Every structure is written in structure tokens, then in C-alpha cells.
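Participant: Prediction below, plus the sequence it came from.
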Amino acid sequence: MDLAALKTQLKNFVQSMFEEGVLDNQFSQIQALQDSTNPNFVEEVITLFCNDAERIINEINRNLGYQNVDFSNLDSYVHQLKGSSSSIGANRLKLACANLRQASDERNKEGCLQALQLITCEYCLLRRKFQALLHLERSIVELETNQK
Amino acid sequence: MAPTLPSSDQASDQDNWDNGRLARKRQLLIEIVLRNRLTALVVDGDTTCRVLEQLLLRSYGVQTQGVDNGRDAVALIASGVKFDLIIIDMILPVLNGLEATRQIRDMGVHCKMLGVTICSGESERQVFLAAGVDVFIEKPLDPEHLVPILRELDGQ
């Protein structure tokens, strides 16, 4: 596939993520920050976000495994995940965090477990799409490098 | 193998892609030119948020430092380091954002403080403003909110 076609494929793929509500306009801001001084910025931010998100989801899982859940501890993890989701433009994941926050405010453990299931699904979907996005980006960089 | 020049069709597609992306970047980032060297402290317990906020500030030429908890923010300010702008989250590890803000203000620090947080309720807004932030912004921090503040700090 040639460079122009790959770039179009990437653009269309990102657009589909916006249309599905997986990403919102905040992700466009992040893409706009990538330039020649930060050529790998998008990949670095996505990697950073995914590492943090997985750590937080595991911690939430662990907390909800205790008989007596520490809801204030849980609150701070949900806050972090919602914040980073919002900052990277992960729209559906951010909305899923709102459900967990509400269940945690109500001290509803069962509600928290259900909300965590949704968060995990949304995160796995997002991660798969990010992996595909980064694969396209790397292919573009490789082709551009070969053409120089 | 010698590189081949793109055909005119390919060049125009590539030019369109690059020009389109540049135009979008200008539109999204709201270009401004700062006359003065501004400094900012970003206080956020979440690495992704902190990195992104620092990078957004740096894209406008603001020199930034970042800390991940309220106690380190207070200690840095207490050590005499001065900033034109402090961006602080409400919920922070070790010492929360509300208390950190109060302590910074109690030290006589009058610089612009932005409370940037995922908490969006009116009660959270009032509490954060009462603690001492000048502006309450719901995450994510975006150019629409940031640029007018930078212009004000720059005396534009």
C-alpha cells in the first residue's frame, strides 16, 4: 500500500473512532501536539495512558475483591482513571468511569462490580483500536523513512 | 535503490494531507505568541494528565515543572520557587488539592491558580474557589480556556 493510501486509511480509522464515540475531540488536540520536535508523541502518550489505565483497573479489581471495600480509596482510583481518560479523549471509557463513581458514592459494591465490568470492556476495545492506530502510524513512518 | 519522486497526483495528495493537518493544528491549538517567558507548575497525581498539561503549556512556550502530589507542591513553593501560573487538581495523593491550595495561598502566593479537575459539580467548584483557585476548569485543560489566561499573564 502506498504512503498516501496508508495516511488515508489512518485518517479514516481515527474518524471511525470519533463516530463510534470511542474518542472525542480531545484526541485531536493530542494529535495536533505531535510535530517534528515530538515525532512520537502520540505513541508515547497512548503507551503512558494504557500502562496507567491497566494498573488502575487492576487496583480497582483488587479493592473490590475485599469483603469490606475501602470506598474512599476506590474513589481516588476512579478519579485518576476518569481524569486520564478525559485528558486523552477516551470518551466511552470516561463515561464508564462515571458509572463506577456513582456506584462508589452510593457505597454499592454490586453496582461497582458491574461498572468495573463495563470499564474493562471499554478499555479492552480502546486498547485494540489504539494498537491498530499505532500499527498504521508506524507503517507510515517506515514508508516515509524509506522514501527519504 | 534510489528514491523515486512521487507522481504529481501522489504529491498533491501528500501536500493536501500535510497542509490539512497543519491547518487543523493551527485551528486546534489557537496560535499565540508570548512576549514574556512564563513559568508554570502542574500539580496532578495522574501521569497522563500531568504530561499532557505540561506539554500543552510548553507548546505555547511556557516553562513548566510538574509534581504528582500536594505536599511536594507546597514544599516547592515554600522553598522559594516562583511561578506565574499553578495548575492544580482537586484530588491529589498525600495532601489533597484543596488543602495544598490553602497552604500555598497562606504563604502569601498571589499567582494565578487554575483548579483543573474531573469533578464537575457546582459544590466542588465553590469549594475549590473558596480554597483559593482563581479559575475552576473541568478536565481536560484545553486551549480555549488556557490561551486567554496566558494572554492575560503575558500582559496582552
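Facilitator: Right, received. Where do you want to start?
Participant: Can you give me the neighbour number for residue 74?
Facilitator: Since you didn't name a chain, this refers to chain A. Here the neighbour count serves as a burial measure; for A:Leu74 (other CB atoms under 10 Å in any protein chain shown) it reads 22. The C-beta positions use only the backbone N, C-alpha and C, and glycine is treated the same way.
Participant: wait, I meant chain B there
Facilitator: Burial of B:Val74 is recorded as 22 neighbouring residues (other CB under 10 Å).
Participant: How much space separates it from chain A?
Facilitator: Relative to chain A, B:Val74 is positioned 19 Å away (CB to the nearest CB, to the nearest Å).
Participant: Kindly report the same for B:Thr117.
Facilitator: When distances are taken as CB to the nearest CB, B:Thr117 and chain A turn out to be 8 Å apart.
Participant: residues contacting that residue?
Facilitator: Residues in contact with B:Thr117, defined by CB atoms under 8 Å, 6 or more residues apart in numbering or on different chains, are A:Gly83, B:Asp89, B:Met90, B:Ile91, B:Gly97, B:Glu124, B:Phe128, B:Phe136, B:Ile137, B:Glu138, B:Lys139.
Participant: Just the buried ones out of those, please.
Facilitator: Members of the contacts of B:Thr117 that pass the buried threshold by neighbour count (16 or more other CB atoms under 10 Å in any protein chain shown) are listed as A:Gly83, B:Asp89, B:Met90, B:Ile91, B:Gly97, B:Glu124, B:Phe128, B:Phe136, B:Ile137, B:Glu138, B:Lys139.
Participant: got these as CSV, with distance to A:Ser28 columns?
Facilitator: CSV is the format used below for these (distance: CB to CB, whole Å):
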residue, distance to A:Ser28
A:Gly83, 19
B:Asp89, 23
B:Met90, 26
B:Ile91, 27
B:Gly97, 28
B:Glu124, 27
B:Phe128, 28
B:Phe136, 24
B:Ile137, 19
B:Glu138, 18
B:Lys139, 16
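Participant: Can you tell me which of the residues you listed is nearest B:Arg151?
Facilitator: Proximity of these to B:Arg151 was ranked by CB to CB; the top entry is B:Ile137 with 15.8 Å.
Participant: Now do the SS call for that closest one.
Facilitator: Assigned by DSSP: H, G, I helix; E, B strand; the rest coil, the conformation of B:Ile137 is strand.
Participant: from memory it sits against B:Leu114, does it?
Facilitator: Yes. Counting by CB atoms under 8 Å, B:Ile137 sits close enough to B:Leu114 to count as a contact (5.8 Å).
Participant: what helices or strands is the helix or strand containing A:Lys129 leaning on?
Facilitator: A:Lys129 is part of helix A:109-147 when elements are defined by DSSP states H and E. Helices and strands touching helix A:109-147, by 3 or more CB pairs under 8 Å, 6 or more residues apart in numbering or on different chains; DSSP states H and E, are helix A:3-19, helix A:41-64, helix A:91-105.
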